[in-house]
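Q: coordinates only, no sequence provided:
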């Protein structure tokens with residue numbers, strides 16, 4: 001693998017003028033978004049271009065070049081480039097990763113296919129399971145064995161290890177995963193295998209489970225490590241291409257990546273563990289939702305990010321997104337848990353809905369209108385894009401309903417074609433359904449809203465949350481178009497649409513914390529714990545966390561560390577991730593840890609069993625650095641991109657079924673709205689990257705940060 005950031009390091013000493021800009025770049029399925037924050041003046045510069053799926057870096061580099069040129073910003077003035085990407089998720093879904101070999105303990109060759117032997121749908125006789133990322137011919141066994149207590153039962157057979165490695169490489173393995181039994185307790189054999197593999201085959205990427213997922217459960221640990229090996233060559237090529245391209249543009253600052261948990265990590269760390277980037281784009285949207293909620297005084301929000309390909313929803317309590325440590329990727333059936341590849345990585349707890357602006361509408365086998373999850377993406381895109389698309393999408397429907405201005409899409413840089421949108425609806429849907437184009441378009445719009453509201457409602461209910469206690473933060477290019485209707489269905493109190501909603505994920509990049517999440521398995525009852533051993537585990541994790549955060553410029557005295565543990569009652573099959581008191585730990589700590597678990601268990605399940613003994617499985621450490629200067633970014637949002645003049649542009653016919661159909665609807669210029677102004681819908685509020693649709697009779701206002709706030713009617717119901 002190539003060395004990260006070499007070009008940036010070379011230019012750093014020669015850069016002039018002094019860096020003052022922070023750049024955020026988010027690659028989505030349809031659009032690539034950019035935000036450039038001037039830390040000296042508070043100016044916020046925004047860009048949005050179509051994604052280039054065959055070479056995602058091409059859209060990034062071209063859009064960066066255009067943005068800098070448009071605003072005459074010297075490349076040398078950019079201090080940091082923060083990046084989120086869908087590359088890793090797409091590689092798993094589309095199976096475009098490397099041919100991956102697996103070295104494992106003798107007798108465990110088929111762990112990936114045996115899995116948990118659970119059926120995700122008991123009544124589906126044609127049940128389809130996700131095929132392993134590593135074919136059976138590229139799995140090799142090695143004689144070695146570590147016992148559950150960490151002692152060696154069978155020493156590592158080094159000659160056989162070398163022989164099996166050679167066999168895998170000769171058979172075409174482009175990347176290798178090493179997963180030995182119980183290496184989460186004692187990693188000596190994996191470390192030896194890693195050393196030998198790097199010496200004998202220095203050009204072959206290698207992923208060892210003790211570095212990627214050092215926790216109990218063989219199947220999940222193997223699946224995670226193999227997935228990391230599967231995407232590692234692809235990630236390395238992409239990051240090398242992007243790093244070199246940014247260097248050629250003259251940007252000296254380091255490349256920093258968003259993780260699935262909503263933190264940021266160095267390019268070096270991302271190359272070693274690219275599986276951590278799996279949900280980086282959606283995580284950035286969740287961070288942005290929490291930040292915008294905080295600015296509006298809302299600590300409990302539902303962050304809805306609806307882009308061109310999918311919509312994601314996330315619960316945020318006290319300004320922090322909920323985090324999960326057990327994740328599934330590339331599901332065979334998107335909404336069926338257990339149909340995907342299990343991954344043990346920390347990730348923002350999201351619900352993904354197959355509903356974006358590019359989601360395709362069709363008539364299903366029952367003759368009913370259905371929308372998604374298939375998307376037109378950016379190539380060819382919705383029919384109205386005029387890029388060869390013929391199938392009707394959500395964006396086509398929104399255009400026909402009058403919600404979008406065909407001449408002001410992306411601020412007028414991209415003109416939409418209403419005739420093409422109408423033809424797509426008429427040719428594919430109107431004749432089959434026997435309804436007129438407007439009725440069908442409204443059906444598409446309403447079905448998408450209902451799908452998102454239903455998915456969000458279930459997501460909240462499974463976590464014991466009542467949507468009526470939350471506000472809805474709508475981001476993404478399509479989010480503000482649909483947010484008010486979704487809010488009515490959910491019965492939430494308010495809708496918040498921040499300035500720059502269409503590129504909000506990039507704003508999330510600018511406010512994300514540096515973060516490192518580490519884990520070490522040690523299975524024992526609290527009353528049998530070796531406290532010295534636990535202290536050693538945490539000391540090692542703290543040392544490693546400090547190194548990882550130093551890579552993104554966090555001084556040791558600015559690192560905040562929160563220990564957590566996977567705890568359960570003895571005899572249970574599943575555990576609860578629990579924040580625990582800080583160490584050092586001793587026998588007296590058992591009662592404190594048990595009390596923390598009892599509280600966390602009761603919060604999740606409604607009751608606890610304090611008389612039952614408790615055991616720990618995995619011991620975690622969450623290390624974070626300071627967030628960027630939120631006040632500076634808030635000031636940029638407050639300044640907005642305002643201009644003088646009347647905010648009312650005129651009116652446009654838009655479809656409101658509660659008003660009987662198409663009605664003349666006031667159209668407002670988002671950049672001319674002033675803080676404190678209040679209005680009543682129906683209304684369309686336009687900005688360059690998105691349009692806010694306000695329902696009839698709803699009140700909306702603008703706060704000092706230029707966030708549009710819609711008060712949802714108490715009697716509103718869709």
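A: Yep, it's here. Since the structure is predicted, the reported quantities are computational estimates derived from the model, not experimental observations. Numbering: from 1, shown residues only.
Q: the residue of the chain most remote from its centre and residue 189, how far apart?
A: Distance from the C-alpha centroid of the chain, by C-alpha atoms, centre = their mean, peaks at residue 159 (42.5 Å). Per C-beta to C-beta, to the nearest Å, residue 159 is found 14 Å from residue 189. Just so you know, the C-beta spots here come from the backbone N, C-alpha and C atoms, and that holds for glycine as well.
Q: before we move on, the earlier item: what pLDDT is listed against the residue farthest from the centre of the chain?
A: Residue 159 carries a pLDDT score of 97 in this model.
Q: next, it: secondary structure please.
A: Under DSSP: H, G, I helix; E, B strand; the rest coil, residue 159 falls in the helix class.
Q: any idea how far it lies from residue 142?
A: Look at residue 159 and residue 142: by C-beta to C-beta, they are 10 Å apart.
Q: please parse this protein into its domains.
A: Following automatic domain parsing, the chain resolves into domains at 6-91+237-277, 99-204, 359-445, 516-624.
Q: grab the longest strand from this protein for me.
A: strand 513-525 (DSSP state E).
Q: show me what it packs onto, helices and strands only.
A: Under the contact definition 3 or more C-beta pairs under 8 Å, 6 or more residues apart in numbering; DSSP states H and E, strand 513-525 sits against strand 263-266, helix 531-550, strand 614-624.
Q: what mean pLDDT does stretch 287-294 have?
A: The pLDDT scores in stretch 287-294 average 90.
Q: give me the residues contacting that stretch.
A: Contact with stretch 287-294 is made by 262, 299-305, 314, 316, 319-321, 471, 473, 475, 496, 498, 504-505, 507-509, 511-512, 630, 633, 707, as judged by C-beta atoms under 8 Å, 6 or more residues apart in numbering.
Q: list buried residues within those.
A: The neighbour-count criterion (16 or more other C-beta atoms under 10 Å) marks 262, 301-305, 314, 316, 321, 471, 473, 475, 496, 498, 504-505, 507-509, 511-512, 633, 707 among these as buried.
Q: list the ones among the residues you listed that fall in helices.
A: Among the buried ones among the contacts of stretch 287-294, the residues falling in helices (DSSP state H) are 504-505, 507-509, 511, 633.
Q: now those in a markdown table, with pLDDT and distance to residue 89?
A: Shown next, in a markdown table, are those (pLDDT from 0 to 100; distance: C-beta to C-beta, whole Å):
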| residue | pLDDT | distance to residue 89 |
| --- | --- | --- |
| 504 | 85 | 19 |
| 505 | 85 | 14 |
| 507 | 86 | 21 |
| 508 | 88 | 17 |
| 509 | 90 | 17 |
| 511 | 86 | 22 |
| 633 | 62 | 27 |
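Q: can I get these in CSV including distance to residue 338?
A: CSV is the format used below for these (distance: C-beta to C-beta, whole Å):
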residue, distance to residue 338
504, 32
505, 29
507, 35
508, 30
509, 32
511, 35
633, 40
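Q: tilt between the longest helix along the chain and strand 513-525?
A: Ranked by number of residues, the top helix in the chain under DSSP H is helix 218-249. Angle between the axes of helix 218-249 and strand 513-525 is 160 degrees (criterion: axes from the mean of the first three to the mean of the last three C-alpha atoms, to 10 degrees).
Q: so where's this structure uncertain?
A: 1-19, 334-335, 354, 628-644, 714-718 (pLDDT under 70).
Q: where along the stretch 301-450 of the chain do the helices fall?
A: Taking DSSP state H, counting those that start in this stretch, the helices of the stretch 301-450 of the chain run over residues 394-400, 418-425, 431-433, 437-462.
Q: what's the most buried one of those helices?
A: helix 394-400 (a mean of 29; mean count of other C-beta atoms under 10 Å).
Q: about what we covered before: compare the domains of the chain and give me the one nearest residue 700.
A: domain 359-445 (15.4 Å; C-beta to C-beta).
Q: measure the closest one end to end?
A: For domain 359-445, the first-to-last residue distance is 11 Å (C-alpha to C-alpha, to the nearest Å).
Q: contacting residues for the residue nearest to residue 405 when sequence neighbours are not counted?
A: Nearest residue to residue 405 in three dimensions, chain neighbours excluded: residue 686, at 6.3 Å (C-beta to C-beta, 6 or more residues apart in numbering). Contacts for residue 686 (C-beta under 8 Å, 6+ apart) come out as 405, 408, 649, 667-670, 692.
Q: now find how far off-centre the longest helix of the chain is within its chain.
A: Relative to the centre of its chain, helix 218-249 is centred 16 Å away, using C-alpha atoms, centre = their mean, to the nearest Å.
Q: same check on stretch 490-504?
A: How far stretch 490-504 lies from its chain's middle: 18 Å, per C-alpha atoms, centre = their mean.
Q: now the end-to-end length of that stretch.
A: End-to-end span of stretch 490-504 (C-alpha to C-alpha): 22 Å.
Q: stretch 124-144 now?
A: The first and last residues of stretch 124-144 sit 39 Å apart, counting by C-alpha to C-alpha.
Q: now stretch 463-480
A: Taking C-alpha to C-alpha, stretch 463-480 runs 25 Å from one end to the other.
Q: that one: how far from the chain's middle?
A: On the basis of C-alpha atoms, centre = their mean, stretch 463-480 sits 16 Å off its chain's mean C-alpha point.
Q: also stretch 73-82?
A: Distance, stretch centre to chain centre, for stretch 73-82: 24 Å (C-alpha atoms, centre = their mean).
Q: distance between the ends of that stretch?
A: Start-to-end span of stretch 73-82 (C-alpha to C-alpha) is 17 Å.
Q: count of neighbours near the closest residue to residue 111 other than its chain neighbours?
A: In space, and not counting its chain neighbours, residue 111 is closest to residue 222: 5.1 Å by C-beta to C-beta, 6+ apart. Residue 222: 24 surrounding residues under other C-beta atoms under 10 Å.
Q: next, the contact list for residue 222, please.
A: For residue 222, the contact set (C-beta under 8 Å, 6+ apart) comprises 102, 104, 108, 111-112, 177, 179, 209.
Q: out of the residues you listed, which end up buried?
A: Buried among the contacts of residue 222 by 16+ other C-beta under 10 Å: 102, 104, 108, 111-112, 177, 179, 209.
Q: next step: the residues you listed restricted to strands.
A: Counting by DSSP E, the buried ones among the contacts of residue 222 place 102, 104, 177, 179 in strands.
Q: ok, residue 405 to residue 694 distance?
A: Going from residue 405 to residue 694 by C-beta to C-beta gives 15 Å.
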